[in-house]
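A.B. asks: Just the structure for this:
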Amino acid sequence: MKSKQSIDLHQEDRKIINDWILEIIEDEYRSSVMKKMIIPLFAANKGKKLRPLIARYSYRLVAGEDADETKLKPLCAALEISHNASLIVDDIFDKDELRRGEESFFVRFGTFAALSSAYNLSAFVFDLATRTDNNQIVREVGKVGTALSSALFLSKDLVSKRSISEEFFMDVLYRKTTALFEAASKSGTLLATDNQNTVNEFSEFGYNFGTAYQLRDDVLGIVGTMNDLGKLPVSDIDNRFQSLITIEALKQGTPDQVETLRAFYLDNEPISIETIRSILIESGAIETVMNKSIELRDRAIAFLEKFDDSRSKTMLLALVEKISFRGININ
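C.D. replies: Here you go, the predicted model:
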């Protein structure tokens, strides 16, 4: 269980970022036909604001705690809006009717309205990127948009009746999640310095952090709870979603376990969720992916430890250290 201290640690910074985003959203959508859908999405102040937090702390870690944040404001908004637009589409694709403990956007407003809003928000992200007056940041935001849109196309193969390779899955994971983490850290740093070595190091930090984060999320999708996920657990199994966990289970499982997994994922046979869940655990696949997540997390921590102590370093470390499996029961 998370302590009150860990929950509250980033509250002040999340509020600052949320106020930035809400100001920008209200200004942009005040006269829009979509205002009744989009403004409440951000006014509700839901979500961890993880990506803009990464950008802000990366910027301040390099530029200094008192650095001007004028250009950071549209960047943080762009990152969070891009993330939310992708979640709207992901929930449609994954058929997840809950998001952050509430009805998903497409459930409340319908699929057509959800897709229209997601496209509209994604286009607005590029407008915001130009407000940083940094061409490299605009390119990074553009690459993220390409990655997110192609992830949706490629993700169809994760629920298809064919085996997928680890290389293919990790590519989809990068496009779906890691790319935005990487862009957050890299873009925040680009606002602070033109030292390419520093920018590249923060890019790698974002890569390790984002990949570790998504692998943890995939584990929680099998063994987590409603409190962990904000949506129904085991939906990944119910949707026959293949991940690194299923890839490892097919490699590590007994012949009988592998046969059952192939029947469920590839032949669409009606096998109970609990049976599949037990195989994913007992085969050792869950533990393997947990270890991979922790390995990448530790690389991100090692990078941050090189910096002198500061508030932003402390805050970034606290974010990365939340990638943990304490309290998760896989027996």
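A.B. asks: show me where pLDDT drops low in this structure?
C.D. replies: 1-8, 94, 100-101, 225-234, 331 (pLDDT under 70).
A.B. asks: Looking only at residue counts, what's the top helix in it?
C.D. replies: helix 196-223 (DSSP state H).
A.B. asks: Can you give me the buried ones in that one?
C.D. replies: Residues of helix 196-223 classed as buried by neighbour count (16 or more other C-beta atoms under 10 Å): 199, 201-223. For the C-beta atoms, the positions are set from N, CA and C on the backbone; glycine is no exception.
A.B. asks: Equivalent analysis for stretch 270-279, please.
C.D. replies: Neighbour-count burial for stretch 270-279 [16+ other C-beta under 10 Å]: 271, 276-277, 279.
A.B. asks: Sort out for me which of the residues you listed are in strands.
C.D. replies: Among the buried residues of stretch 270-279, DSSP state E puts none in strands.
A.B. asks: can those residues go into a markdown table with extra columns for distance to Gly253?
C.D. replies: As requested, the buried residues of stretch 270-279 are exported to a markdown table (distance: C-beta to C-beta, whole Å):
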| residue | distance to Gly253 |
| --- | --- |
| Ile271 | 14 |
| Ile276 | 11 |
| Arg277 | 13 |
| Ile279 | 6 |
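A.B. asks: Relative to Gln252, which of those residues is nearest.
C.D. replies: Among the buried residues of stretch 270-279, Ile279 lies closest to Gln252 (C-beta to C-beta), at 10.1 Å.
A.B. asks: Just confirm the closest one contacts Asp256, I think it does.
C.D. replies: No. Ile279 lies out of contact with Asp256 (C-beta atoms under 8 Å); the separation is 9.1 Å.
A.B. asks: Pull the contacting residues for Pro52.
C.D. replies: Residues near Pro52 by C-beta atoms under 8 Å, 6 or more residues apart in numbering: 17, 21, 75-77, 79-80, 184.
A.B. asks: try 10 Å
C.D. replies: Contacts for Pro52 (C-beta atoms under 10 Å, 6 or more residues apart in numbering) come out as 13-14, 16-18, 20-21, 72-73, 75-81, 83, 184, 188.
A.B. asks: ok, now Arg162?
C.D. replies: 242, 265-266.
A.B. asks: what distance separates the start and the end of stretch 238-256?
C.D. replies: 21 Å (C-alpha to C-alpha, to the nearest Å).
A.B. asks: And for stretch 297-314?
C.D. replies: OK, stretch 297-314 end separation, C-alpha to C-alpha: 15 Å.
A.B. asks: Only whichever of the contacts of Arg162 are buried, select them in ChimeraX.
C.D. replies: To isolate the buried members of the contacts of Arg162 in ChimeraX, using 16+ other C-beta under 10 Å:
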select :242,265
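A.B. asks: now the helices: where do they sit in the stretch 101-250 of the chain?
C.D. replies: Using DSSP state H, counting those that start in this stretch, the helices of the stretch 101-250 of the chain run over residues 105-109, 111-130, 135-155, 166-173, 179-192, 196-223, 226-229, 235-238, 244-252.
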